[in-house]
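In: Here is a sequence with its predicted model. Questions after.
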Amino acid sequence: MTQKMAEAVKHLPKIDSQTFANSKYYKGGFEQKMTRREAALILGISPSASKLKVKEAHKRVMSLNHPDRGGSPYIAAKINEAKDLLDSSK
């Protein structure tokens, strides 16, 4: 069994840091105080998006990450914080 596992690991594709360096995903955690840029990244919209775009993006992202559907309560709170920040500054 151990020998088969070792062979399987040898045949796995090599992943280097360059693979993730060119990724389309945001690297890093959340900032101490959320900025408009970070809020826009969370919702997947432009920082200057209209209130309607903010509302639609919030609904879309929240439906995918809602705690009642297996999502993280922390991520859901950040999604709500992003919506509130972008709504309040318009």
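Out: That came through fine.

In: Tell me the first helix or strand C-terminal of the lowest-mean-pLDDT helix or strand in the chain.
Out: One helix or strand of the chain scores below all others by mean pLDDT, DSSP states H and E: helix 17-21, with a mean of 55. Scanning forward in sequence from helix 17-21 by DSSP states H and E, the next helix or strand is helix 36-43.

In: Find me the pLDDT at A8, would you?
Out: We note a pLDDT of 83 for A8 in this prediction.

In: does it count as helix, strand or coil?
Out: helix (DSSP: H, G, I helix; E, B strand; the rest coil).

In: Run a quick neighbour tally on it.
Out: For A8, the neighbour count with other Cβ atoms under 10 Å is 9. All C-beta atoms are positioned from the backbone trio N, CA, C, and that covers glycine.

In: what sits against it?
Out: With Cβ atoms under 8 Å, 6 or more residues apart in numbering as the criterion, no residue contacts A8.

In: any idea how far T2 is from it?
Out: From A8 across to T2, the span is 11 Å (Cβ to Cβ, to the nearest Å).

In: what's the answer for K83, then?
Out: The value you get for K83 to T2, if Cβ to Cβ is used, is 51 Å.

In: Which one's more surrounded, these two?
Out: K83 (21 against 6).

In: Report the contact partners of the residue positioned nearest the centre of the chain.
Out: Most central in the chain under Cα atoms, centre = their mean is I42, positioned 5.6 Å from the mean C-alpha point. Shown in contact with I42 (Cβ under 8 Å, 6+ apart): V61, K78, I79, A82.

In: give me every residue that touches the third one.
Out: This means I79. I79 touches I42, L43, H58, V61, M62, N65, counting by Cβ under 8 Å, 6+ apart.

In: Verify the stated contact: L85 with K33.
Out: No: judged on Cβ atoms under 8 Å, L85 makes no contact with K33 at a distance of 9.7 Å.
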